[in-house]
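Engineer: Here you go, sequence then predicted model.
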Amino acid sequence: MRIDPPGGAWTEAAENFYLLVKGQMKAWLESIFNLNESIYESPERLSGEVMGNLEIQVEFLLSSLD
């Protein structure tokens, strides 16, 4: 049995949120894999950079839910 989602504003809002999350996850993954090569010299610096990028992305996503 197939259930069709409700239409109208709800569907548009859900689609916009999906696109926002998709775009932010893409940007987050790119930021991890395109890090400045100098930080690979130190695992601590790499970890700090990745965590910083993740924190920024999570804060942005949470703020967009308001």
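Structural biologist: Sure, I can see it. Remember, predicted model here, so these are calculated numbers, not experimental data. Numbering: from 1, shown residues only.

Engineer: which strands and helices sit next to the host helix or strand of residue 27?
Structural biologist: Using DSSP states H and E, residue 27 maps to helix 9-33. When contacts are defined as 3 or more Cβ pairs under 8 Å, 6 or more residues apart in numbering; DSSP states H and E, helix 9-33 packs onto helix 43-64. Quick note: C-beta positions are derived from backbone N, CA and C, even for glycine.

Engineer: Just want the angle from the helix holding residue 27 to helix 43-64.
Structural biologist: With axes from the mean of the first three to the mean of the last three Cα atoms, to 10 degrees applied, the angle from helix 9-33 to helix 43-64 works out at 170 degrees.

Engineer: residues in contact with helix 9-33?
Structural biologist: Helix 9-33 is contacted from outside by 5, 50, 53, 54, 57, 60, 61, 64, using Cβ atoms under 8 Å, 6 or more residues apart in numbering.

Engineer: got those residues as JSON lines, with neighbour count, distance to residue 12 and pLDDT columns?
Structural biologist: JSON lines is the format used below for the contacts of helix 9-33 (neighbours: other Cβ atoms under 10 Å; distance: Cβ to Cβ, whole Å; pLDDT from 0 to 100):
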{"residue": "5", "neighbour count": "8", "distance to residue 12": "11", "pLDDT": "59"}
{"residue": "50", "neighbour count": "15", "distance to residue 12": "34", "pLDDT": "72"}
{"residue": "53", "neighbour count": "17", "distance to residue 12": "30", "pLDDT": "74"}
{"residue": "54", "neighbour count": "13", "distance to residue 12": "29", "pLDDT": "75"}
{"residue": "57", "neighbour count": "17", "distance to residue 12": "24", "pLDDT": "76"}
{"residue": "60", "neighbour count": "13", "distance to residue 12": "21", "pLDDT": "78"}
{"residue": "61", "neighbour count": "15", "distance to residue 12": "19", "pLDDT": "76"}
{"residue": "64", "neighbour count": "12", "distance to residue 12": "15", "pLDDT": "75"}
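
Engineer: quick one: which two of those are the most distant?
Structural biologist: 5 and 50 (35.5 Å; Cβ to Cβ).
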